[in-house]
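Undergrad: Build the 3D model from these lines:
(chains A and B)
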Protein chains: 2
Amino acid sequence: MIYTQNDIAGFDRRYRTNFINSISGFKSANLIGTVDRSGKTNLAVFSSVIHLGSDPASLGFLMRPVSAERHTYANIKETGYFTVNNIHKSIIHQAHQTSARYDKDISEFDACCLTAEITQTICAPYVLESQIKIGCKFIEEHIIQFNGTVFMAGEIMEVILTDTVLMNDGYVDIESAGTVAISGIDGYNDVKNICRFSYAKPEKPLTPF
Amino acid sequence: MIYTQNDIAGFDRRYRTNFINSISGFKSANLIGTVDRSGKTNLAVFSSVIHLGSDPASLGFLMRPVSAERHTYANIKETGYFTVNNIHKSIIHQAHQTSARYDKDISEFDACCLTAEITQTICAPYVLESQIKIGCKFIEEHIIQFNGTVFMAGEIMEVILTDTVLMNDGYVDIESAGTVAISGIDGYNDVKNICRFSYAKPEKPLTPF
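TA: Here you go, the predicted model:
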């Protein structure tokens, strides 16, 4: 079936949100931890974190249009740091609950039964329960003129993980860490490796491994 | 184990690439189809496509730093359109092979045994074998100063999918479409739904469904 731009614009709002959020494929599942100047912590689920570069190591994520109520954005601009914490199977319930609109004076760590963990490197809080944690320094933002969303970029200052998930070639086996994938706005998914492929070259067959 | 920024900078290049590409979580798996002014088609695997907005419907993806050899970028700038085609289990081999550096005069559709499909709406070619296909009009680009990568945004003009994967509330069941998730630079993964959650509100328990 072909859905035109007019068909999609005519969908009921929630129907369209589900539809458009699903079709781009599976999404990363992370909790972003921040802190404001007074030390109040914030935690929010994000499905838009993507790889930005390996050298220097960096990542990015998309935020909705910024308003005074966007605590994650305000905190990053205030204190300059954020953490990205993989969501694994055992914490999907707590992770999704962070998407509720809590008041600024309530920390989602407390409200959603997750534990803030601080290191010497950055001021933003990690999620103790997460298996793979990334500490980032904010580097730049880009406002998408089309709809006011903001692409935020961060430099990776620190990575915390259990060494049992780290393979000999640097590949981190996020499947064995229990990391989930998000689909749509509210779907959580278990992931199983099919294979990895050798580096692709023209005229050379791929080797799965 | 904690890996500092210095530890990561000191990793062997390929080790670091695997490591940093893995930790941000699972990634969407799509083939981006484009065409140049003379009608030559191009197809390339991307793991960076993300949801941008539902109203108007839009998506974005990150490209490596642009050079003359980046055919996808050059084609989008020339003709203004691109397609995003979900990769499903049966085509992961062909999809990964598109990452080989083919010459500009070779179409990855031919080299990788995938079929170009054209509609009336846009000039860019879809992948016939894909189950979920999105036709986009290029809207804006943002160069990330930190490393020269480019965030490309597109407005969704058309969506083509089999109606059996479309649920009553607009959610597209990409698991049943066989859509895979990518991990690292070369891992392809099968995905199984755990649950969806109700809309989160403070003080209200989530309902899984």
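
Undergrad: how about low-confidence regions in chain A?
TA: A:68-69 (pLDDT under 70).

Undergrad: Can you show me the strands along chain A?
TA: With strands called from DSSP state E, chain A shows them at A:2-4, A:27-28, A:30-35, A:41-46, A:50-54, A:57-63, A:81-86, A:116-117, A:126-127, A:132-143, A:150-161, A:181-183, A:187-196.

Undergrad: Need those in TSV (columns: distance to chain B and mean neighbour count).
TA: C-beta coordinates here come from the backbone N, C-alpha and C atoms, glycine included. Putting the strands of chain A into TSV (distance: least, Cβ to the nearest Cβ, whole Å; neighbours: other Cβ atoms under 10 Å in any protein chain shown) gives the following:
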stretch	distance to chain B	mean neighbour count
strand A:2-4	4	16
strand A:27-28	3	28
strand A:30-35	6	28
strand A:41-46	9	23
strand A:50-54	4	24
strand A:57-63	5	23
strand A:81-86	6	27
strand A:116-117	11	18
strand A:126-127	11	25
strand A:132-143	4	21
strand A:150-161	4	22
strand A:181-183	4	28
strand A:187-196	5	19
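
Undergrad: and those strands as a markdown table, adding distance to B:Tyr73?
TA: Formatted as a markdown table, these follow (distance: least, Cβ to Cβ, whole Å):
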| stretch | distance to B:Tyr73 |
| --- | --- |
| strand A:2-4 | 27 |
| strand A:27-28 | 23 |
| strand A:30-35 | 28 |
| strand A:41-46 | 26 |
| strand A:50-54 | 17 |
| strand A:57-63 | 18 |
| strand A:81-86 | 27 |
| strand A:116-117 | 40 |
| strand A:126-127 | 36 |
| strand A:132-143 | 17 |
| strand A:150-161 | 17 |
| strand A:181-183 | 27 |
| strand A:187-196 | 27 |
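
Undergrad: what about A:Glu203, neighbour count?
TA: 7 (other Cβ atoms under 10 Å in any protein chain shown).

Undergrad: what about the nearest residue to A:Leu166 once chain neighbours are set aside, neighbour count?
TA: The spatial neighbour of A:Leu166 that comes closest, neighbours along the chain excluded (Cβ to Cβ, 6 or more residues apart in numbering or on different chains), is A:Val172 at 5.8 Å. When neighbours are defined as other Cβ under 10 Å, A:Val172 has 27 of them.

Undergrad: looking at it, A:Val172 is touching B:Ile20, isn't it?
TA: No. Look at A:Val172 against B:Ile20 with Cβ atoms under 8 Å: they stay out of range, at 9.1 Å.

Undergrad: what's the angle between the top helix by length along chain A and strand B:57-63?
TA: Among the segments of chain A that qualify as a helix by DSSP state H, the longest is helix A:13-23. Counting by axes from the mean of the first three to the mean of the last three Cα atoms, to 10 degrees, helix A:13-23 lies at 20 degrees to strand B:57-63.

Undergrad: Contacts only, for A:Ile182.
TA: Residues near A:Ile182 by Cβ atoms under 8 Å, 6 or more residues apart in numbering or on different chains: A:26-29, A:47, A:188-189.

Undergrad: between those residues, which is closest to B:Thr83?
TA: The closest of the contacts of A:Ile182 to B:Thr83 turns out to be A:Phe26 (Cβ to Cβ; 18.6 Å).

Undergrad: can you give me phi and psi for that closest one?
TA: Main-chain torsions, A:Phe26, degrees, to the nearest 10: phi -70, psi 150.

Undergrad: Could you check how far it is from B:Lys27?
TA: The gap separating A:Phe26 from B:Lys27 is 7 Å, by Cβ to Cβ, to the nearest Å.

Undergrad: list the contacts for A:Ser183?
TA: A:22, A:26-27, A:189, B:174-175, B:191, B:193.

Undergrad: 7 Å instead, please
TA: Counting by Cβ atoms under 7 Å, 6 or more residues apart in numbering or on different chains, A:Ser183 makes contact with A:22, A:26-27, A:189, B:174.
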